[in-house]
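*Asks:* generate coordinates for the sequence data below:
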Amino acid sequence: MSPFSPDLASRRRALRTVGLLSGIAAGAWLGAAEAPAKLVSTGLSPVTVSLVMVWGVFLARWSVPALLQGTSAVGADVRHAPHLVVWAILAGSLWSIANTLTVHAIRDVGLSIAFPLWNSNSLLGILWGALFFGELRGATGGQRTRVIGGTIAMCIGATLLALASTHEAVHGSAAARGVIAALGAGALWGTMYIPYRKAYLTGMSPLAFVTFFTVGELLCMGIIALAINGATATANELAAARGIIFWLMLGGFIWVIGDLFQQYAAKYVGISRGIPLSNTNQLWGLLWGTLVFGELRRSDVSLTLVVVGSVIMAIGAAAVALATTGDTEHDRWRDAAEHEARRYGVDLDWVRARLVGTAPSPPRRNWIDWTLVAISTAVFVFVAGIAEAPALAMDLRWVVLLCIVTVALLLAAGTVLWRTTRFN
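*Replies:* A predicted model of the protein is given here:
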């Protein structure tokens, strides 16, 4: 049976599987992407770290869609729903501010503590999904209980992690700044998911959405760098840090892979489930922070609070994410999608087809696509050629093991995503 012509109930089950696997893979890749931000310990300002990461993000946002589907597919999506370009740029701007806050948080309270705090965006994702997009409407009592119970568990876990930061940080003011920065990033990222969901209900492919998303990222991050550091200071920092630019850009590239999976999760199981599931990156952040970088070794109390808090938050996120979407709730999503289509004058048949991940195969890739891929590759090869080993203590055995598992999840989730949706 063709993946584009099964009965609706079977199709929805397949898409739920795609969404769940995408969320799991997103957690691993988003967790790995934040590890390069540990380079703030070398003296770079958080703004400069975030700016260089956005360069890597920008290259990935254009080259990966060109490689997977081609720019012609991106152009077709824009012709159907041009209003979503504005929403994509807005979402990218929110991301840039939030990412800068996360670098501040990592500097002040560490990766393993900051991760779960900014993952409070799950709470906002649940709220916005229910208020604006019909998520959880039509859900059974058991499904709603899992969502409410999971939300409470995430709040308890976040409280334990905030307490852990007061034990680990040397200065109380630094701990407070780190907690506030992480929670602020969570609030901005939670709000950023509104444009995500609008785009995918209306029919735009995640690969098309992220292409314009990155325009907002780069513009906003450039403005932040000039406003806070100034052009001269930023240029001087970049010149002095030329040996680690590659690692930060690589972090941005890795983040794009995780974010793409997160967006497919949001598309196929909703933001109220997909975002908590992708926020298992808190456990990956804990693994990278403790096993690779040796965080929290100074305090048994801190380690206990972080482990317990992270586990509780992960259990809560799993309960929310695995509250399976039923046919009644899917019908509510369809109603919300049709409402969006009528509001912006988008073709209803196109929206309905994209809602279940079907669309004609995109045209063959052209010279523009291969040029974008070649430029991105050349830039990464160049900065890799001048890269230096970062001056950080790392356990390379754990680096290798975590990388193997992360790549395995990429291959597994990517294969299922391609076979089921052709990346639509």
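
*Asks:* CA atoms of the helix or strand harbouring residue 131 as CSV?
*Replies:* Per DSSP states H and E, residue 131 falls inside helix 121-133. Below are the C-alpha coordinates for helix 121-133, written out as CSV (Å, rounded to 0.1, in the frame of the first residue of the first chain):
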residue,chain,number,x,y,z
ASN,A,121,8.7,25.7,27.9
SER,A,122,6.8,22.5,28.0
LEU,A,123,4.2,24.1,30.3
LEU,A,124,3.6,27.0,27.8
GLY,A,125,3.5,24.5,24.9
ILE,A,126,0.7,22.7,26.6
LEU,A,127,-1.2,25.9,27.4
TRP,A,128,-0.8,27.4,23.9
GLY,A,129,-1.7,24.1,22.2
ALA,A,130,-4.9,23.9,24.2
LEU,A,131,-5.9,27.6,23.9
PHE,A,132,-5.2,28.2,20.2
PHE,A,133,-5.0,24.9,18.3
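
*Asks:* buried stuff in the helix or strand that contains residue 306?
*Replies:* Residue 306 belongs to helix 300-321 when assigned by DSSP H and E. For helix 300-321, a neighbour-count test (16 or more other C-beta atoms under 10 Å) marks 302-303, 305-307, 309-321 as buried. Where you see a C-beta, it was placed from the backbone N, CA and C, and this is true even at glycine.

*Asks:* surely residue 15 touches residue 358?
*Replies:* No - at 10.1 Å, residue 15 does not count as touching residue 358 under the criterion of C-beta atoms under 8 Å.

*Asks:* okay, those two: which has more neighbours?
*Replies:* residue 15 (21 against 18; other C-beta atoms under 10 Å).

*Asks:* OK, contacts around that one?
*Replies:* By C-beta atoms under 8 Å, 6 or more residues apart in numbering, the residues touching residue 15 are 268-269, 356-357, 420-421.

*Asks:* quick revisit: next structured bit after the helix holding residue 306?
*Replies:* Next element after helix 300-321 (DSSP H and E): helix 327-344.

*Asks:* C-terminal to that next one, what's the next element?
*Replies:* helix 348-355.

*Asks:* list the buried residues of stretch 248-264.
*Replies:* 248-264.

*Asks:* sorry, slip of the keys, the one I care about is stretch 417-424.
*Replies:* 417, 420-424.

*Asks:* just give me the closest of these to residue 343.
*Replies:* Nearest to residue 343, judged by C-beta to C-beta, of the buried residues of stretch 417-424 is residue 424 at 22.2 Å.

*Asks:* correct me if wrong: that closest one contacts residue 354.
*Replies:* Yes - the criterion here is C-beta under 8 Å, and residue 424 meets it with residue 354 at 6.4 Å.

*Asks:* now for these two: what residues contact both?
*Replies:* By C-beta under 8 Å, 6+ apart, the residues touching both residue 424 and residue 354 are residue 205.

*Asks:* give me the number of residues near residue 366?
*Replies:* Residue 366 - counted by other C-beta under 10 Å - has 12 other residues nearby.

*Asks:* burial measure for the closest residue to residue 121 other than its chain neighbours, as a count.
*Replies:* The shortest distance from residue 121 to any non-neighbouring residue, by C-beta to C-beta, 6 or more residues apart in numbering, is to residue 190 (3.7 Å). The number of residues packed near residue 190 is 24, by other C-beta under 10 Å.

*Asks:* again, but for residue 378
*Replies:* 11.

*Asks:* now do the same contact list for the residue nearest the centre of the chain.
*Replies:* Taking C-alpha atoms, centre = their mean, the centroid of the chain lies closest to residue 259, which sits 3.4 Å from it. Neighbour list for residue 259: 26, 30, 210 [criterion: C-beta under 8 Å, 6+ apart].

*Asks:* of all those, which comes closest to residue 381?
*Replies:* residue 210 (23.0 Å).

*Asks:* assign the closest one to helix, strand or coil.
*Replies:* Per DSSP: H, G, I helix; E, B strand; the rest coil, the local secondary structure of residue 210 is helix.

*Asks:* ok, it - how many residues close by?
*Replies:* Counted with other C-beta under 10 Å, residue 210 comes out at 26.

*Asks:* and the pLDDT at the closest residue to it other than its chain neighbours?
*Replies:* The shortest distance from residue 210 to any non-neighbouring residue, by C-beta to C-beta, 6+ apart, is to residue 61 (5.1 Å). You'll see residue 61 listed with a pLDDT of 84.

*Asks:* residue 173 too?
*Replies:* 64.

*Asks:* pLDDT below threshold where in the stretch 201-350 of the chain?
*Replies:* Counting by pLDDT under 70, the stretch 201-350 of the chain contains low-confidence residues at 296-302, 321-326.

*Asks:* could you rerun that using 90?
*Replies:* Applying pLDDT under 90 to the stretch 201-350 of the chain picks out residues 201-252, 255-256, 259, 262-263, 265-350.

*Asks:* just checking, what packs against the one helix or strand residue 234 maps to?
*Replies:* Using DSSP H and E, residue 234 maps to helix 231-240. Contact partners of helix 231-240 among helices and strands, from 3 or more C-beta pairs under 8 Å, 6 or more residues apart in numbering; DSSP states H and E: helix 46-68.

*Asks:* hmm, back to that, what's the separation between the residue nearest to the centre of the chain and residue 416?
*Replies:* Applying C-beta to C-beta, to the nearest Å, the value for residue 259 to residue 416 is 18 Å.

*Asks:* then residue 19?
*Replies:* From residue 19 to residue 416 the distance is 10 Å (C-beta to C-beta).

*Asks:* next: residue 377.
*Replies:* 27 Å.

*Asks:* quick one: which of those two has more around it?
*Replies:* residue 416 (17 against 12).

*Asks:* now residue 423, what are its backbone angles?
*Replies:* phi 70, psi 20 (degrees, to the nearest 10).

*Asks:* repeat that for residue 366.
*Replies:* Dihedral angles (degrees, to the nearest 10) for residue 366: phi -110, psi -170.

*Asks:* for it, give me the pLDDT.
*Replies:* Per the predicted model, pLDDT is 84 at residue 366.

*Asks:* return the residues in contact with it.
*Replies:* 70-72.

*Asks:* any idea how far residue 54 is from it?
*Replies:* 27 Å.
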